[in-house]
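>>> Next come a sequence and a model predicted from it.
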Amino acid sequence: MLIVITTPHLSLSDLALLEAAVLKDAEQEDVTAENVQPKKLKTKIILCGDGVYAPGLHSNEFDALLAPSGTPVVAIRDDVLSRGVKTHSAIQLIDNKIFAALSTHHQQWVTF
């Protein structure tokens, strides 16, 4: 499942969903490897658009998400750079090509 965050302000239910995704997927893996091994799909959290501001506005929650749980949180590089956002060191920057590959491998999406 892809959890695509497009808004900077997250509700309590959004944060609860993120926490549930972290508990479900406790292994860290590089999202670029999914093109090679699509059967090992796990939940990915993608920050795009104004969603790249969410980790800064919800720093305590994202610090907990990005701690040793290892759930992959990625951000679209162009969105981060165009907004001048400084991202957490554990957030992997991806390009639109990788985002497109992720979207084709994941049939279930949740967007907020």
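Right, received. Where do you want to start? Numbering: from 1, shown residues only.

>>> and the closest residue to residue 112 other than its chain neighbours, how far is that from residue 23?
Once flanking residues are discounted, residue 112 sits nearest to residue 14: 5.0 Å by CB to CB, 6 or more residues apart in numbering. Every residue, glycine included, has its C-beta placed from N, CA and C. Residue 14 sits 15 Å away from residue 23, going by CB to CB, to the nearest Å.

>>> Same check on residue 63?
16 Å.

>>> what does residue 9 give?
Residue 9 is 23 Å from residue 23, where distance means CB to CB.

>>> ditto for residue 86
For residue 86, the distance to residue 23 - CB to CB - is 28 Å.

>>> Mind listing residues that contact the lengthiest helix in the chain?
Taking DSSP state H as the criterion, the chain has its longest helix at helix 12-24. Contact with helix 12-24 is made by 1, 3, 5, 10, 43, 45, 58, 61, 64-65, 69, 71, 110, 112, as judged by CB atoms under 8 Å, 6 or more residues apart in numbering.

>>> residue boundaries of the strands in the chain?
All strands of the chain, identified by DSSP state E, fall at 2-5, 44-47, 73-76, 92-94, 109-111.

>>> I'm done for today, thanks for sticking with me.
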